[in-house]
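# Kindly return the folded structure for what I paste below:
(2 chains, ligands or ions: 4)
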Amino acid sequence: MTTDLHYSSSDSSLRVDVQNLCKTFVLHNQGQAQIPVLQNINLQVFEGECLVLSGPSGTGKSTLLRTLYGNYRIGSGQVRILGHHGWTDLTSAAHREINHLRRHSLGYVSQFLRVIPRVSALEVTMQPLLEQGENKTFAREKAIHLLTCLNVPEQLWSLPPATFSGGEQQRVNIARGFMLDYPVMLLDEPTASLDSKNSDVVVDLINQAKARGAAIVGIFHDEEVRNRVADRAFNFEQTDLQPQI
Amino acid sequence: MNPHQNTLAVTDDTQNALLRAKNITRLYSSGKGCREINFDLCPGEVLGIVGESGSGKTTLLNVLSGQHKPDSGQVLYTNKKGDAMDLYGLSESRRRHLLRTEWGMVHQHARDGLRMNVSAGANIGERLMAVGQRHYGDLRQTGQQWLTDVDMEPGLIDSAPSTFSGGMQQRLQIARNLVTGPRLVFMDEPTGGLDVSVQARLLDLLRSLVVELGLSAIIVTHDLAVARLLAHQLVVMKDGLIIEQGLTDQVLDDPQHPYTQLLVSSVLTP
Ligand SMILES: Nc1ncnc2c1ncn2[C@@H]1O[C@H](COP(=O)(O)OP(=O)(O)OP(=O)(O)O)[C@@H](O)[C@H]1O
Ligand SMILES: Nc1ncnc2c1ncn2[C@@H]1O[C@H](COP(=O)(O)OP(=O)(O)OP(=O)(O)O)[C@@H](O)[C@H]1O
Ligand SMILES: [Mg+2]
Ligand SMILES: [Mg+2]
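Ligands and ions are numbered 1, 2, ... in the order given. All right, here's what the predicted structure looks like:
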């Protein structure tokens, strides 16, 4: 891993820029309980690298990832992401801009597939390309390629994933997440329910994405997987960028 | 990709809004209704409205769809030809014409959206005729096709909706509205009163119209899963006011207002 710490924010390969990000959940119906999860997070992610978020359970790794995706609101501070159409400042972006950024430039693979009722695995996988207005034949070929790489049995392709095993659903989820060459990708434990053969495929997909210049932020509990994809780590016990060697 | 580009609004071009609600208020003498409502709906977008019973959702939908003049505020609409108009600046007949041609309205109570004593076929045909179709055989065939699409027997085309069950009336209402290929539909609890399998087919139909044909919609629903599946933006109403609005998954996963938190936490998997 590299030890480079001092980047200038004008660096042309910057893709994700987080400045003084804070996030506190306020639970109004539980006595106004306040859960300060993120405090003054500063991090930057560059083209072609994978930044790994590490730290104990409950320290806010997934919260940070969801905030980068626009799924959680920013408490204070700034989050900016560079997509195909320029920078989007998530702090001020309207829902429409966030949807646009997601559709074209920001991939997200969560630990679980959110199934769309009655839509087949193949169609679920094709969807990100179809939403781009891509041609159906091309989307289909690419989806079949990825489902095959991830060892999803062919007889499952035409079925809705609702009844699939956890690992099968997750592989459909990953195939879907890698359909587009997103410039920025967020991965929340994508290999959590996979065996080592399929984890290897995911590691290859991640490394291929890096090679074409994607900036990746990921959470991986499996240490071996982590070591094979990570360029740098951000440790959640600290509040500032912690380069590890 | 040019990293030196400025931060820019990517497509937040509200000049292109299909429908804009500008500070709409409509109150009944009781003081209930809806107040200070603002949002933009762009082409191809679905807006979901959730909120407690009596919070003013139906009242708002009636204002937006040209059926009730607001006490104050404006509804701006850009029609098929690209002309922007103030809905309540139009004559009533032009407003009704829009509702029959470019728009669709699925009412919460089917009796408000159907002519109960004429046949199902006439209910569907009426809207087709409003957009200029006259050929009897075509009208009948299209009507039967739409009955099939909403899971009804095509043979029911000659029966009057007063003889249908509530769920069948709801489905007929939906067929009647979608038959003319509207650009914008208003739906008030479209899946209310339907059994689960019919609900599922209807949601599939709506999703494909939105995804494949770029239909825009404003949907009032109490079902958060429906909102998550269909809506790009979500509005939460309480006591006549919008208390929270934004990206659907953000509102559902990171709700800020006490009422929204309660709403979200009272369902198992929204
Ligand atoms: N939507 C939410 N509303 C309220 N609290 C939340 C929400 N999401 C996360 N939290 C809280 O934020 C804290 C951090 O959770 P998060 O899921 O980010 O942890 P994590 O580091 O990803 O943990 P793990 O390694 O177990 O996945 C937890 O206390 C969690 O309960
Ligand atoms: N014509 C009317 N005259 C007087 N009060 C009315 C009228 N219509 C509705 N109201 C009142 O205005 C409030 C808002 O009604 P509305 O029908 O808009 O609620 P809603 O959000 O659609 O509720 P629900 O979810 O139960 O359908 C309610 O308190 C209702 O009793
Ligand atoms: Mg987590
Ligand atoms: Mg109502």
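# Going by C-alpha atoms from here, please, whenever you check contacts or count neighbours.
Noted.
# Where is the longest helix in the chain?
Defaulting to chain A. helix A:196-211 (DSSP state H).
# other chain: chain B
Secondary structure of chain B per DSSP H: the longest helix is helix B:196-213.
# just the CA coordinates of that one, formatted as PDB?
C-alpha atoms of helix B:196-213 as PDB (Å, rounded to 0.1, in the frame of the first residue of the first chain):
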ATOM      1  CA  VAL B 196     -52.400  -9.000  -3.400                       C
ATOM      2  CA  SER B 197     -52.100 -10.700  -6.800                       C
ATOM      3  CA  VAL B 198     -54.000  -8.000  -8.600                       C
ATOM      4  CA  GLN B 199     -52.000  -5.400  -6.800                       C
ATOM      5  CA  ALA B 200     -48.800  -7.100  -8.000                       C
ATOM      6  CA  ARG B 201     -49.900  -7.100 -11.600                       C
ATOM      7  CA  LEU B 202     -50.900  -3.500 -11.500                       C
ATOM      8  CA  LEU B 203     -47.600  -2.500 -10.000                       C
ATOM      9  CA  ASP B 204     -45.800  -4.400 -12.800                       C
ATOM     10  CA  LEU B 205     -47.900  -2.500 -15.300                       C
ATOM     11  CA  LEU B 206     -47.200   0.900 -13.800                       C
ATOM     12  CA  ARG B 207     -43.500   0.100 -13.500                       C
ATOM     13  CA  SER B 208     -43.300  -0.800 -17.100                       C
ATOM     14  CA  LEU B 209     -45.200   2.300 -18.200                       C
ATOM     15  CA  VAL B 210     -42.800   4.400 -16.200                       C
ATOM     16  CA  VAL B 211     -39.600   2.600 -17.200                       C
ATOM     17  CA  GLU B 212     -40.400   1.900 -20.800                       C
ATOM     18  CA  LEU B 213     -42.700   4.800 -21.900                       C
END
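# So for that helix, what gets flagged as buried?
Using 16 or more other C-alpha atoms under 10 Å in any protein chain shown as the test for burial, helix B:196-213 gives B:198-200, B:202-204, B:206-207, B:209-211.
# Closest to ligand 2 out of those?
If you rank the buried residues of helix B:196-213 by distance to ligand 2 using C-alpha to the nearest ligand atom, residue B:199 comes first, at 18.2 Å.
# Name the nearest residue to the closest one, sequence neighbours excluded.
residue B:191 (5.6 Å; C-alpha to C-alpha, 6 or more residues apart in numbering or on different chains).
# any idea how far that neighbour lies from residue A:38?
Distance, residue B:191 to residue A:38, by C-alpha to C-alpha, to the nearest Å: 40 Å.
# Also residue B:225?
Plainly put, residue B:225 is 29 Å away from residue A:38 if you go by C-alpha to C-alpha.
# Who has more neighbours out of those two?
Between residue B:225 and residue A:38, counting by other C-alpha atoms under 10 Å in any protein chain shown, residue A:38 is the more crowded of the two (22 against 14).
# wait, is the more buried one part of a strand?
Yes - the assignment for residue A:38 is a strand, going by DSSP: H, G, I helix; E, B strand; the rest coil.
# For the residue lying closest to residue A:32 once chain neighbours are set aside, which three-state class applies?
Leaving aside its sequence neighbours, residue A:32 sits nearest to residue A:26 (C-alpha to C-alpha, 6+ apart; 5.9 Å). Going by three-state DSSP, the secondary structure assigned to residue A:26 is strand.
# check contacts around residue A:26.
Contact partners of residue A:26, counting by C-alpha atoms under 8 Å, 6 or more residues apart in numbering or on different chains, are A:32-35, B:256.
# ok, what's across the strand from it?
On the basis of DSSP bridges, residue A:26 is bridged to residue A:34.
# For chain B, what lies in contact range of ligand 1?
Neighbours of ligand 1 within chain B, by C-alpha under 6 Å from any ligand atom: B:253-254.
# In chain B, which residue sits nearest ligand 1?
Across chain B, the shortest distance to ligand 1 (C-alpha to the nearest ligand atom) belongs to residue B:254, at 4.9 Å.
# can you count the residues close to that residue?
For residue B:254, the number of neighbouring residues by other C-alpha under 10 Å comes to 19.
# so what's it closest to, chain neighbours aside?
Once flanking residues are discounted, residue B:254 sits nearest to residue A:72: 5.5 Å by C-alpha to C-alpha, 6+ apart.
# For residue A:38, see how far away the one you found is.
Taking C-alpha to C-alpha, one finds residue A:72 at 12 Å from residue A:38.
# if we can go back for a sec, tell me the one among the buried residues of helix B:196-213 nearest to residue A:226.
Nearest to residue A:226, judged by C-alpha to C-alpha, of the buried residues of helix B:196-213 is residue B:211 at 37.1 Å.
# so what sits against both of residue A:72 and residue A:38?
Common neighbours of residue A:72 and residue A:38, counting by C-alpha under 8 Å, 6+ apart, are residue A:63.
# where exactly do the helices run in the stretch 1-150 of chain B?
B:57-64, B:92-101, B:120-130, B:136-149 (DSSP state H, counting those that start in this stretch).
# scratch that, chain A is what I was asking about
A:61-68, A:95-104, A:121-130, A:136-149, A:166-177, A:196-211, A:223-229.
# middle-most residue in chain A, spatially?
Central residue of chain A (C-alpha atoms, centre = their mean): residue A:186, 1.4 Å from the mean position.
# contacting residues for that one?
A:65, A:69, A:106-109, A:216-218.
# Most neighbours of all those, which one?
Counting neighbours by other C-alpha under 10 Å, residue A:216 leads the contacts of residue A:186 with 31 neighbours.
# surely that residue meets residue A:49?
Yes - Residue A:216 lies in contact with residue A:49 (C-alpha atoms under 8 Å); the separation is 6.2 Å.
# rewinding a little: in JSON lines: the helices of the stretch 1-150 of chain B, plus distance to chain A, mean neighbour count and mean pLDDT.
Formatted as JSON lines, the helices of the stretch 1-150 of chain B follow (distance: least, C-alpha to the nearest C-alpha, whole Å; neighbours: other C-alpha atoms under 10 Å in any protein chain shown; pLDDT from 0 to 100):
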{"stretch": "helix B:57-64", "distance to chain A": "21", "mean neighbour count": "22", "mean pLDDT": "96"}
{"stretch": "helix B:92-101", "distance to chain A": "26", "mean neighbour count": "16", "mean pLDDT": "90"}
{"stretch": "helix B:120-130", "distance to chain A": "28", "mean neighbour count": "22", "mean pLDDT": "91"}
{"stretch": "helix B:136-149", "distance to chain A": "16", "mean neighbour count": "17", "mean pLDDT": "89"}
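# Nearest to ligand 2, out of the ones you listed?
Across the helices of the stretch 1-150 of chain B, ligand 2 has its closest neighbour in helix B:57-64 (3.7 Å, C-alpha to the nearest ligand atom).
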